[in-house]
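Visitor: My questions concern the predicted model and sequence given below.
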Amino acid sequence: MTRVGVEIGGTFTDLVQMDQGGVRIVKVRSTPSKPDEGLFNALEVAGLDIAGLREFAHGSTVATNAVLERKGARLGLLTTEGFRDLLLLRRQDREVLFDIFYRKPEPLVSRRDTLEVPERVDSGGQVVRPLDAEAWAPALEAFLRAGHYDAVAICLLNSFARPEHERQVAALVRRIAPNLPVTCSVDVTRAFREYERASTTTLAAYVQPVLDAYLSRIGKRLEAAGFDGRFSVMQSNGGRVPATAVRENGASALLSGPAAGVTGAIRQSARSGIQDIITLDIGGTSADVCLIRKGRPDLTREARIDTLPVLTPMVDIATIGAGGGSLVWIDDGGLLRVGPRSAGANPGPACYGRGGTQPTLTDAHVVCGRIHPEAKLAGTLSIDVDLARQAFAPLAQSLNISVEDVADSAIRIAVEAIVSAIRLISTSRGRDPRDYVLVPYGGAGPLHAAAVAEALAIENVLVPPNAGVLSAYGLLAADFSIYDGVTRRTAVDDAAMPSVLATVAELLVGVKARADALGLGEERRFDVTLDMRFVGQAYDLGVVVDHAALASLTAAELYAAFIREHESVYRHGGLGTNKPVEIVSYHVGLHVAPETVPSLADVAEGDVQVPEEPARIYDTGVWHDASRMARGSVRDGMSGPVALEDLTATVYVPAGWKAASDPAGNLILRKAS
């Protein structure tokens with residue numbers, strides 16, 4: 001029985017097929033205007049019998065794009081009386097500090113589409129003003145009739161502490177407009193901070209109709225072709241769930257594509273016994289980096305999509321506009337820049353010969369000889385070196401330097417941008433990147449990896465086999481995961497420990513019930529994280545608690561765990577050894593491991609047929625005599641410069657670096673001593 005994972009990127013759509021015959025991979029060009037068409041195109045190119053599929057896993061940026069392009073639902077927002085301007089006021093911070101013309105981004109819901117609900121609950125969950133739903137019903141009916149909304153979001157003040165009023169409002173909306181989708185904040189996130197919770201709720205409601213329609217189209221086409229297996233979708237937290245669960249909470253899928261790559265990197269590097277890694281995913285439009293400790297990615301509880309906060313567990317990924325399709329240009333000050341704008345799939349880089357005339361990072365690698373001039377990207381897409389050089393010619397003339405120097409400078413600028421992004425997730429958070437192994441993937445990741453590692457003094461780079469499709473591989477390698485959490489401030493002392501354990505037990509009962517309803521397996525593991533802080537602090541730190549030892553956990557052990565985490569991040573244990581500590585929020589996760597997943601090294605087609613040949617590669621302002629060969633032909637201890645090619649990516653080993661394959665099929669690059 002065949003399992004298939006399909007990941008849709010900005011430039012290419014990747015497919016990984018697993019069955020008893022091993023692993024098979026397919027890459028096709030994406031169709032940004034109709035992403036599901038690219039998905040089924042990949043299935044067609046693979047020649048798969050959809051009726052014979054046992055499992056279909058998917059990840060895409062459909063939800064994210066709906067937000068970025070403002071193409072989601074027309075929303076109505078219901079919020080507590082006196083809080084109509086919540087989304088407009090936001091927080092006092094500014095994304096751009098020194099721009100005197102700065103304006104806060106437009107919220108997803110306008111003021112005229114917001115209706116106040118006459119109710120009030122305090123932060124402790126006590127009802128201050130009861131909700132008289134029937135008396136308020138005529139105002140709600142008039143609001144819904146006038147707005148012609150596609151969906152309604154409900155976010156009442158402090159509903160995380162007492163959800164009854166939200167439930168009553170939702171029931172009233174469904175009675176008045178039975179076919180109108182309704183999203184309650186307590187079903188999306190039960191966290192405090194009203195603006196962030198309202199933002200998350202409106203984001204979930206905004207993308208829900210788009211995501212629901214998208215997944216429905218895919219589901220219907222699969223069903224029409226005879227598919228009766230399991231259809232799952234990647235979540236932003238690095239785990240997947242059945243598609244029906246994602247259709248209930250669109251906020252969980254906002255970063256599903258990048259999260260799949262992180263999961264694939266964790267699984268593949270673990271085959272070499274390596275658990276502390278920094279991932280580097282460079283695709284067609286962006287570069288994503290993530291830090292992994294002991295085989296687990298850091299999860300952030302708050303991320304931003306187009307400056308809008310999202311309170312949902314997400315793999316902590318930093319993204320910059322430095323992908324293969326990122327445009328190279330000169331700004332008004334005469335400085336060379338790379339990104340964030342991208343050539344995308346259409347027309348793509350100039351070297352693709354599809355009408356693109358502006359230079360991109362991919363064109364830079366072609367000009368510098370790192371990408372084979374006769375390469376066939378995605379199996380069919382030819383490279384045109386002359387078109388790449390022509391695209392860079394105007395920049396070279398403007399800067400009065402050679403085409404090669406412009407291209408090489410663009411690559412180095414991209415490398416510095418990536419280095420800055422990695423420092424953001426490592427050194428700025430108290431972690432030394434030298435303690436980690438860099439794991440590059442995506443079509444362009446292995447081209448930049450050695451230069452990035454050298455700038456950060458990272459000694460080892462692990463390049464997975466067929467790194468260009470690692471995100472699609474990660475879809476099948478990912479656990480099925482369910483998360484839940486709640487804000488409930490609790491002092492860390494002996495008297496409060498029964499309450500702590502009871503809250504965790506309550507959350508565990510909830511995730512188990514959801515797992516049962518979704519038909520997930522019985523072999524489950526759990527994780528528990530407590531957001532803690534010194535009393536009086538505004539922000540908190542996540543402290544991981546051993547689920548197996550939870551029953552015997554003492555207040556002293558919990559206090560000590562927080563102090564260790566505080567010292568790890570801030571390099572000091574707080575203002576005093578006896579300063580009181582409190583738990584702010586509780587989070588639990590349930591995980592069900594997938595079936596045995598083979599290595600990406602087990603590709604049935606084998607390696608590409610690239611005869612070893614001499615090459616000329618331009619690097620750091622100098623032409624180098626180099627070699628070019630198939631990745632599978634690498635000899636242990638081979639010194640650069642050399643370009644190694646497999647079915648999905650080129651690995652560039654610069655001068656001063658050595659390459660060797662390990663028993664897991666991973667390529668290990670090390671700085672020569």
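Guide: That came through fine.
Visitor: Is it correct that residue 600 falls within a helix?
Guide: No - using DSSP: H, G, I helix; E, B strand; the rest coil, the secondary structure at residue 600 is coil, not a helix.
Visitor: Which pLDDT value goes with the residue located most distally from the centre of the chain?
Guide: Centroid-distance maximum for the chain: residue 135 at 44.5 Å, with CA atoms, centre = their mean. With respect to pLDDT, residue 135 scores 95.
Visitor: Kindly report the same for residue 38.
Guide: 85.
Visitor: before we move on, the earlier item: give the phi and psi angles for the residue farthest from the centre of the chain, as a check.
Guide: With angles defined as degrees, to the nearest 10, residue 135 sits at phi -70, psi -30.
Visitor: Then residue 462?
Guide: The phi and psi values for residue 462, taken as degrees, to the nearest 10, are phi -110, psi 120.
Visitor: so what's it bridging to?
Guide: Legend: beta-bridge partners of residue 462 under DSSP bridges are residue 668.
Visitor: Can you give me the pLDDT of it?
Guide: On pLDDT, residue 462 comes in at 98.
Visitor: For it, which residues are in contact?
Guide: With contacts defined as CB atoms under 8 Å, 6 or more residues apart in numbering, residue 462 is in contact with 269, 272, 274, 277, 437, 438, 439, 666, 667, 668, 669. Yep, even glycine has a C-beta here, placed from its N, CA and C like the rest.
Visitor: Which ones among the residues you listed lie within helices?
Guide: Using DSSP state H, the members of these that fall in helices are residue 269.
Visitor: Tell me the most packed of the contacts of residue 462, by neighbour count.
Guide: residue 439 (32 neighbours; other CB atoms under 10 Å).
Visitor: And that one, how close does it get to residue 632?
Guide: Counting by CB to CB, to the nearest Å, the gap between residue 439 and residue 632 amounts to 19 Å.
Visitor: got it, and residue 30?
Guide: Taken as CB to CB, the span from residue 30 to residue 632 is 28 Å.
Visitor: Which one's more surrounded, these two?
Guide: Comparing residue 30 with residue 632 by other CB under 10 Å, the one with more neighbours is residue 30, at 29 against 18.
Visitor: Is that one in contact with residue 7, as I believe?
Guide: No - counting by CB atoms under 8 Å, residue 30 stays clear of residue 7, with 10.1 Å between them.
Visitor: For those two, list the residues in contact with both.
Guide: With contacts taken as CB under 8 Å, 6+ apart, the residues that reach both residue 30 and residue 7 are residue 13.
Visitor: residues in contact with stretch 547-558?
Guide: 492-494, 496-497, 500-501, 504, 525-528, 530, 532, 543, 545.
Visitor: For that stretch, list the C-alpha coordinates in PDB.
Guide: Provided in PDB are the C-alpha atoms of stretch 547-558 (Å, rounded to 0.1, in the frame of the first residue of the first chain):
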ATOM      1  CA  HIS A 547       5.000  13.700  31.800                       C
ATOM      2  CA  ALA A 548       6.000  10.400  33.200                       C
ATOM      3  CA  ALA A 549       7.200  12.000  36.500                       C
ATOM      4  CA  LEU A 550       4.300  14.500  36.700                       C
ATOM      5  CA  ALA A 551       2.500  12.700  39.500                       C
ATOM      6  CA  SER A 552       5.400  13.000  41.900                       C
ATOM      7  CA  LEU A 553       6.400  16.500  40.900                       C
ATOM      8  CA  THR A 554       7.100  18.900  43.800                       C
ATOM      9  CA  ALA A 555       6.900  22.700  44.000                       C
ATOM     10  CA  ALA A 556      10.700  22.800  44.700                       C
ATOM     11  CA  GLU A 557      11.500  20.700  41.600                       C
ATOM     12  CA  LEU A 558       9.300  22.900  39.500                       C
END
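Visitor: What residues sit buried inside it?
Guide: 553, 555, 558 (16 or more other CB atoms under 10 Å).
Visitor: again with stretch 323-341
Guide: 323, 324, 325, 326, 327, 328, 336, 337, 338, 339.
Visitor: And for that stretch, what's in contact with it?
Guide: The contact list for stretch 323-341, computed with CB under 8 Å, 6+ apart, reads 10-11, 282-287, 320-322, 342-345, 348-349, 358-365, 392, 395, 398-399, 406-407, 409-410, 413-414, 417, 442-444.
Visitor: Give me the distance between it and the centre of its chain.
Guide: 24 Å (CA atoms, centre = their mean, to the nearest Å).
Visitor: That one: end-to-end distance?
Guide: 10 Å (CA to CA, to the nearest Å).
Visitor: Mean confidence (pLDDT) on that stretch, please.
Guide: On average, stretch 323-341 scores 92.
Visitor: Please report the distance of residue 591 from residue 175.
Guide: Taking CB to CB as the measure, residue 591 and residue 175 are separated by 38 Å.
Visitor: So the two - more neighbours on which side?
Guide: residue 591 (20 against 12).
Visitor: Give me the helix or strand of this protein that scores worst on average pLDDT.
Guide: strand 376-377 (a mean of 70; mean pLDDT, DSSP states H and E).
Visitor: who wins for most neighbours among the contacts of stretch 547-558?
Guide: Highest neighbour count within the contacts of stretch 547-558, by other CB under 10 Å: residue 530, with 26 neighbours.
Visitor: how about it, phi and psi?
Guide: Residue torsions, per degrees, to the nearest 10, at residue 530 are phi -110, psi 130.
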